[in-house]
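Asker: no sequence on this one, just coordinates:
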């Protein structure tokens, strides 16, 4: 199996930092990271390895110590090899996270040692202690919103933000409907919509245990207007409930199958259904009549693509968005997701937890502190 | 059951014209038409009836003798009560057809006695011998393309025309893919695309008998680039076939179910799938990944709505379109569909034939000749 260097086993380490320090003074500098040399079950193919780190920085580069990085479902798909874009192997896992700038190249502006930064695009490999990157691939963020908030800022909040801003002109008092409302994006949608005075009708999976109540309460605490189960969505009661609101022009779908059918049916004429995920692994299924007689539009949103398309020519748009999101975070209007923290060395627990169904907590790898 | 007047039974008539003439000279003028007073099986609820015709024309009205009118699938749905918009009952069946102007009101311009006209909007009730209407609801057409062409000009050719013009910028040499390619719209798509130098990949149902060959040959004769069966669409051979063409940016779907899945899968990035029918009665079913990673857009087209939206403020756009279509007809680049003709009195045969599956012939009611 391909790898970057020596595989570190848990029992060979006393403390994470000691290894890095030792390497710095022996045979060149190394970072410690979660590397996969083949696609497969993340619990099996991911290895904690030493990764070489260059001594010198180019003029436009920064050296970043990663502080904290989440384990997202799309990270898992990437490692499983089921994601449409494959990394060159061996690769370091992780696409999101927050780091601390340690050093800056001579021509780096707008960032300095000690700043918190997040990667703008996916693909940097955030599950490692230290990395060197072109400074344009990172964005400085405020540290005042806390580690969890910054570590989970790059993927879910922008997905929610763009879906609410770019497709349908939503006005205060309007309503939107979404399924998978307890997902990371779903929770961000609820909070952004509440901050912008848009009502949200939120559909969550009917849970096998009695935790429905807990989820419903949590989402209402975040600002959800209505929270209903999938079962309720397909019942006649849903028709009654929706009458109390302006008919939604926007639907957000991260589930597919029957759930997408049900959400689409409740949209008003000329409504838009945006698909950004497919948690049920079933295709998006829409009644023909909605397209013809209700002029429904179905499209998709992919945050990685939006960022890639805008990083070069529209960087101000990206910066404005993250500024808005951080401001909402500072005001307490946008919270970090509920999380469970794991030391990097205990990454297998984080991976296992992240792949369990019905776990509402985001798994965070605490890397350098 | 509600009705306009006396029900005419086949055995009470010697000749259609005699009845009309007799009524003209007895108790006010009457037209003869196919009327339904309740929703249900068209073969049962449709009755041939006398319908009163006003003596006098308003200044902006025309009196039209209907010459020929087709029996379309949507006419059947309307009578069955499954169409989303219901007529006030009793209603005269039929939405399309060509008529001869008999008289014009004082302020009617651009039309004169003897002109051929077609209704612009659905809902006029074309299955009758004579009707009076506001002249703006009709459009003058050339008689040089023949009765079949004019009688079937209002629904299918404009649907094909707008779907090819309004959604994706198609250039000569581009390719489109459609299912239900043997439908009336499908045949118009093939011919318009051929006239505009656009390649068409056409999917037809796998037929229970050995008539595949006949259908394939007929569509190729109309200008189809490729004709394949549904079975072929879902085979690995389809991937090979499509490599010979520029990847289609436009897909047209009038089938739904697996067929829509297969067509959508072959579109290029940022492609558009337009749904205008659902012959399989199964919902449009699209892989989630196409929305997210291939940025697919799914929308619908409804010709009746397009015409309604444009008849008042964009009449020139409508006239230009029908002018284009008639010009293509005169050049032999757009043909009337293959048809079977029935006298109005034999309407039950037309209805029965129109509801049989796998009948490639359009059923035409010959009304006045």
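Answerer: On my side now, so go ahead. For clarity, every value in this text was computed on a predicted model and none was experimentally measured.

Asker: secondary structure element holding the nearest residue to residue A:300 once chain neighbours are set aside?
Answerer: Closest residue to residue A:300 apart from its sequence neighbours, by Cβ to Cβ, 6 or more residues apart in numbering or on different chains: residue B:291 at 3.0 Å. C-beta: built from backbone N, CA, C; applies to glycine. Under the criterion of DSSP states H and E, residue B:291 resides in helix B:288-293.

Asker: what packs against the helix or strand following that helix?
Answerer: Scanning forward in sequence from helix B:288-293 by DSSP H and E, the next helix or strand is strand B:297-300. Of the remaining helices and strands, those touching strand B:297-300 by 3 or more Cβ pairs under 8 Å, 6 or more residues apart in numbering or on different chains; DSSP states H and E are helix A:288-293, strand A:297-300, strand B:272-275.

Asker: any chance of the ones you listed in TSV, with mean pLDDT, distance to residue B:214 and mean neighbour count too?
Answerer: Converted to TSV, the helices and strands packed on strand B:297-300 look like this (pLDDT from 0 to 100; distance: least, Cβ to Cβ, whole Å; neighbours: other Cβ atoms under 10 Å in any protein chain shown):
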stretch	mean pLDDT	distance to residue B:214	mean neighbour count
helix A:288-293	97	28	22
strand A:297-300	98	36	22
strand B:272-275	98	27	24
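
Asker: how about the contacts made by the spatially most central residue of chain A?
Answerer: The structure's chain A has its C-alpha centroid closest to residue A:155; by Cα atoms, centre = their mean the separation is 3.4 Å. For residue A:155, the contact set (Cβ atoms under 8 Å, 6 or more residues apart in numbering or on different chains) comprises A:72, A:74, A:95, A:96, A:122, A:184, A:303.

Asker: how about 7 Å then?
Answerer: Taking Cβ atoms under 7 Å, 6 or more residues apart in numbering or on different chains as the criterion, residue A:155 is in contact with A:72, A:96, A:303.

Asker: likewise residue A:46?
Answerer: Residue A:46 sits in contact with A:34, A:36, A:79, A:93, A:347, A:351, where contact means Cβ under 7 Å, 6+ apart.

Asker: roughly how far does it sit from residue A:345?
Answerer: The gap separating residue A:46 from residue A:345 is 12 Å, by Cβ to Cβ, to the nearest Å.

Asker: repeat for residue A:338
Answerer: 23 Å.

Asker: looking at these two, which is more packed in?
Answerer: residue A:345 (16 against 12; other Cβ atoms under 10 Å in any protein chain shown).

Asker: just to revisit the earlier point, residues in contact with the residue nearest to residue A:300?
Answerer: Applying Cβ under 7 Å, 6+ apart to residue B:291 gives the contacts A:275, A:284, A:298, A:299, A:300.

Asker: farthest pair in those residues?
Answerer: For the contacts of residue B:291, the farthest-apart pair by Cβ to Cβ is A:284 and A:299; their separation is 10.6 Å.

Asker: the bottom helix or strand of chain A by mean pLDDT?
Answerer: Every helix and strand of chain A was ranked by mean pLDDT, DSSP states H and E. The lowest is helix A:16-24, at a mean of 36.

Asker: who are the packing partners of the very next helix or strand once past it?
Answerer: Per DSSP H and E, the first helix or strand lying C-terminal to helix A:16-24 is strand A:29-36. Secondary-structure packing of strand A:29-36 (3 or more Cβ pairs under 7 Å, 6 or more residues apart in numbering or on different chains; DSSP states H and E): helix A:16-24, strand A:46-53, strand A:91-92.

Asker: secondary structure element for residue A:164, which one?
Answerer: In the assignment (DSSP H and E), residue A:164 maps to helix A:156-165.

Asker: is that helix anywhere near chain B?
Answerer: No - counting by Cβ under 7 Å from any Cβ of the partner chain, chain B has no neighbours in helix A:156-165; the shortest distance is 10.7 Å.

Asker: now do stretch A:269-279
Answerer: Yes - residues of stretch A:269-279 contacting chain B under Cβ under 7 Å from any Cβ: A:275, A:276, A:278.

Asker: what's the first-to-last distance across that stretch?
Answerer: 26 Å (Cα to Cα, to the nearest Å).

Asker: now it, how far from the centre of its chain.
Answerer: 18 Å (Cα atoms, centre = their mean, to the nearest Å).

Asker: contacts for that stretch?
Answerer: Outside stretch A:269-279, the residues within contact range by Cβ under 7 Å, 6+ apart are A:159, A:163, A:167-168, A:180, A:185, A:248-256, A:263-264, A:267, A:284, A:294-301, B:288, B:291-292.

Asker: state the distance from residue A:206 to chain B.
Answerer: Per Cβ to the nearest Cβ, to the nearest Å, residue A:206 is found 21 Å from chain B.

Asker: tell me which residues touch that residue, please.
Answerer: A:212, A:229, A:230, A:231.

Asker: for these, which one is nearest chain B?
Answerer: Nearest to chain B, judged by Cβ to the nearest Cβ, of those is residue A:230 at 16.8 Å.

Asker: tell me the domain ranges of chain A?
Answerer: Domain segmentation of chain A under automatic domain parsing yields A:10-152+A:336-362, A:156-304.

Asker: rounded mean pLDDT for the longest helix along chain A, please.
Answerer: Counting by DSSP state H, the longest helix found in chain A is helix A:315-330. For helix A:315-330, the mean pLDDT works out to 96.

Asker: the longest strand in chain A is where?
Answerer: Counting residues, the longest strand in chain A under DSSP state E turns out to be strand A:61-71.

Asker: who's in contact with that strand?
Answerer: Under Cβ under 7 Å, 6+ apart, the answer for strand A:61-71 is A:57, A:94, A:96-105, A:108, A:111, A:117, A:126-135, A:138, A:147, A:151-152, A:350-351, A:354, A:362-369.

Asker: now residue A:294: how far from residue A:180?
Answerer: According to Cβ to Cβ, residue A:294 stands 23 Å off from residue A:180.

Asker: ugh, wrong one, I meant residue A:271
Answerer: Remark: distance between residue A:271 and residue A:180 (Cβ to Cβ) = 18 Å.

Asker: neighbour count winner among the two?
Answerer: residue A:180 (26 against 23).

Asker: next up, the contacts around the nearest residue to that one once chain neighbours are set aside.
Answerer: The shortest distance from residue A:180 to any non-neighbouring residue, by Cβ to Cβ, 6+ apart, is to residue A:254 (3.9 Å). The neighbours of residue A:254, taking Cβ under 7 Å, 6+ apart as the test, are A:179, A:180, A:183, A:185, A:276, A:277, A:279.

Asker: quick check, nearest of these to chain B?
Answerer: Out of these, the member with the shortest distance to chain B (by Cβ to the nearest Cβ) is residue A:276, at 6.4 Å.
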